[in-house]
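K.L.:
With the input below, show me the fold.
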Amino acid sequence: MTGPAVVPRPLRLQQLSDQPFVLVAGIAVVAPDSAARQAAERLATLVGGSVQATAAPDAAAFRLRLLGPADDERYPRTDPAGGEEALPALPAGESDSELPAGAEAYRLHVHGDGVDVDARTPAGLGHAVTTLAQLLTGTSGGARTLPAVLVVDAPRFTWRGLSIDVARHFVRVADLDVVIDLMADHKLNVLHLHLTDDQAWRIDLPSRPELVRRSSGASVGGDPGGHYTGEDYAHLVAHAAARGIVVVPELDVPGHVNAALHAYGELSPSGRPTDEYLGIDVGFSRLTAALPATDAFLHDVFRDVAAMTPGSYVHIGGDEVQGMAPDEYAALVGTAAAAVRAAGKQVVGWQEIATTPLEPGTVVQYWDVHADPAPFVAAGAAGARLLLSPGDRTYLDMKYHPGYPLGLEWAGHVELRDSYDWEPATLLPGLPAEAVLGVEAAVWTETLRTLDDLTTMLLPRLAAVAEVAWSAPDRRDWEDFRTRVAALGARWDAAGLSWYPSPQVDWQR
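P.N.:
Residues are numbered from 1 along each chain as shown. Below is the predicted model of the structure:
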């Protein structure tokens with residue numbers, strides 16, 4: 001691919017012979033539909049324009065249009081993985097071209113007289129704005145310009161996520177806002193918050209106030225802690241939603257629960273609270289199915305967090321439970337899953353839940369590439385959906401190389417190309433293609449204390465994972481990607497973000 005450096009790579013980007021569009025101060029951003037207003041406001045901030053409901057037909061402007069359902073006959077459905085052959089060339093004198101399938105599809109036409117943006121949903125408009133932000137790099141006599149292009153685009157997978165561990169080290173609301181903005185910059189659409197673990201419980205739930213009173217004050221190694229109030233969580237949900245991102249909360253059970261046992265002694269066989277734990281070992285804590293308090297606890301906490309979450313999914317954890325009999329594990333996972341379903345949400349869990357009876361549609365998050373794949377393939381064949389987070393590719397807290405000062409290395413060392421050069425469809429041989437729901441990166445915070453630490457581990461690898469999740473395999477090429485991602489370093493610098501200048505890329509700074 002030559003020309004504008006857009007990441008993730010669009011389904012189609014065609015450079016046109018038209019003159020570039022030169023921006024002027026106060027340019028109109030036309031959004032006739034109120035549902036398009038959030039995208040229009042983002043765009044107006046980006047280009048120094050003003051949002052308007054209408055503009056003169058011949059006025060230079062950005063024009064945003066929501067087309068409605070995907071069955072609109074003017075925009076027939078095409079396969080977003082079908083390559084350029086599935087899309088026609090731009091007709092002479094015309095600005096319309098087919099939209100590919102999917103709610104998040106968009107079409108962007110930049111010409112000398114303005115910019116036309118079409119999408120079926122506000123999420124599609126948001127993706128178009130993100131693409132415009134990457135295109136807006138040129139200058140002409142001091143004025144900013146946009147190159148004349150046609151972009152027709154849609155994501156490969158519907159779930160393109162980032163999981164952030166806020167339990168080992170607390171991540172402030174303002175810092176999560178920065179990460180959410182960074183996710184939007186890469187067209188990711190799911191923020192998975194790992195809210196609880198052995199070290200801390202980070203969300204205040206009405207039915208169990210002692211969880212944050214007793215188990216949120218510290219982080220790994222005795223570093224400062226914190227928790228999210230209901231208002232904090234609502235803010236994060238709203239900030240994410242404005243950028244087309246849904247929040248999926250995780251309460252990790254039946255292991256990784258020392259913080260809960262420390263707050264409520266009745267969850268321990270001894271009847272006494274456990275000691276606070278601020279180390280990084282795993283597998284030593286667990287709930288006990290036979291205790292009368294356990295079922296009530298699970299139903300209470302999952303009911304509460306589901307009520308606070310407008311999105312469709314709640315994550316029940318389920319990982320790294322050592323020393324528990326399979327039938328007890330299955331019973332506890334079943335209780336948690338039933339509580340989530342009773343609250344009207346869909347269940348997500350780490351890969352270990354695939355060994356238990358699952359309702360069709362349950363999301364199984366694959367992470368340990370050394371595990372026997374048979375249970376995950378069987379779960380997919382039985383109606384579960386697989387969310388792919390292979391540790392040796394997408395765990396962005398892994399060190400870049402031996403001796404790197406941040407991160408761990410239990411899954412190996414993950415350089416930029418490692419995060420890019422893998423194919424979701426072939427990761428689990430035998431898994432039906434239709435069972436793959438999407439791709440999610442993960443960052444665990446045992447060694448990460450600050451926003452700078454967090455963004456240094458995310459960037460540039462988050463861009464690589466985002467392209468794997470967005471772009472079809474015939475649209476991805478490492479040499480092409482390393483050329484395009486090189487242009488993003490200057491943008492990250494301008495935003496004041498810390499990042500790792502991988503030696504695998506010739507950065508433009």
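K.L.:
Now the nearest residue to Ala337 once chain neighbours are set aside. Its backbone dihedrals?
P.N.:
Nearest-residue entry for Ala337: Val347, 4.6 Å, with adjacent residues in sequence omitted and distances by CB to CB, 6 or more residues apart in numbering. All C-beta atoms are positioned from the backbone trio N, CA, C, and that covers glycine. Backbone torsions of Val347, given as degrees, to the nearest 10, read phi -90, psi 130.
K.L.:
Pretty sure Asp421 sits against Asp477.
P.N.:
No - look at Asp421 against Asp477 with CB atoms under 8 Å: they stay out of range, at 10.0 Å.
K.L.:
re the thing from before, confirm for me that the residue nearest to Ala337 is in contact with Pro360.
P.N.:
No - here Val347 lies out of contact with Pro360, judged by CB under 8 Å, at a distance of 10.8 Å.
K.L.:
Between those two, tell me which one has more neighbours.
P.N.:
Taking neighbours as other CB atoms under 10 Å, Val347 and Pro360 compare with Val347 leading, 25 against 8.
K.L.:
contacting residues around the more buried one?
P.N.:
Tyr313, Val314, Ile316, Ala337, Val340, Arg341, Leu358, Glu359, Thr362, Val363 (CB atoms under 8 Å, 6 or more residues apart in numbering).
K.L.:
One more: Ala464?
P.N.:
Ala464 neighbours (CB under 8 Å, 6+ apart): Leu416, Arg417, Ser419, Tyr420, Phe481, Val485.
K.L.:
which of these lies closest to Ala260?
P.N.:
Set against Ala260, the nearest of those by CB to CB is Ser419 (33.2 Å).
K.L.:
if we can go back for a sec, please report how far the residue nearest to Ala337 lies from Pro424.
P.N.:
For Val347, the distance to Pro424 equals 21 Å [CB to CB, to the nearest Å].
K.L.:
Then Leu454?
P.N.:
Applying CB to CB, the value for Leu454 to Pro424 is 25 Å.
K.L.:
now Val247, what's its secondary structure?
P.N.:
Following DSSP: H, G, I helix; E, B strand; the rest coil, Val247 is assigned to strand.
K.L.:
That one pairs with what?
P.N.:
Beta-bridge pairing for Val247 (DSSP bridges): Leu191.
K.L.:
Would you agree it is in contact with Leu195?
P.N.:
No - Val247 is beyond contact range of Leu195, at 10.4 Å (criterion: CB under 8 Å).
K.L.:
Tell me which stretches of the stretch 301-450 of the chain form strands.
P.N.:
Ranges of strands in the stretch 301-450 of the chain, per DSSP state E, counting those that start in this stretch, are 313-317, 346-350, 363-366, 385-388, 436-443.
K.L.:
Let me know which of the ones you listed is the nearest to Ile27.
P.N.:
Ile27 sits nearest to strand 436-443 of all the strands of the stretch 301-450 of the chain, at 35.5 Å, using CB to CB.
K.L.:
Residues contacting the closest one, please?
P.N.:
Here strand 436-443 makes contact (CB under 8 Å, 6+ apart) with 157-165, 190, 192, 363, 365, 367, 380, 385-389, 394-397, 419, 424-425, 454, 457-458, 461-462, 465, 468-469.
K.L.:
got the angle for that strand vs strand 346-350?
P.N.:
With axes from the mean of the first three to the mean of the last three CA atoms, to 10 degrees defining the directions, strand 436-443 sits at 50 degrees from strand 346-350.
K.L.:
And the residue nearest to Ser216 when sequence neighbours are not counted, how far from Asp304?
P.N.:
Among residues not flanking Ser216 along the chain, His227 sits closest, at 3.8 Å (CB to CB, 6+ apart). Distance, His227 to Asp304, using CB to CB: 14 Å.
K.L.:
and if you look at Tyr329?
P.N.:
With CB to CB as the criterion, Tyr329 and Asp304 are 23 Å apart.
K.L.:
now His109
P.N.:
To Asp304, His109 is 47 Å away according to CB to CB.
K.L.:
Who has more neighbours out of the two?
P.N.:
Taking neighbours as other CB under 10 Å, His109 and Asp304 compare with His109 leading, 23 against 19.
K.L.:
Leaving out the residues flanking it, which one is nearest to Thr302?
P.N.:
Let me fix one detail, which is that residue 302 is Phe and not Thr. Distance criterion CB to CB, 6+ apart; nearest residue to Phe302, sequence neighbours excluded, is Ala339 at 3.9 Å.
K.L.:
With Ala36 instead?
P.N.:
Ala36 sits nearest to Leu64 (CB to CB, 6+ apart), 4.7 Å away.
K.L.:
Could you do Gln365 as well?
P.N.:
Here the residue nearest Gln365, using CB to CB, 6+ apart, is Leu387, at 4.4 Å.
K.L.:
I'd say that neighbour and Ala354 touch.
P.N.:
No - using CB under 8 Å, Leu387 makes no contact with Ala354, being 11.7 Å away.
K.L.:
got any residues that touch both of these two?
P.N.:
Each of Val364 lies in contact with both Leu387 and Ala354 under the rule CB under 8 Å, 6+ apart.
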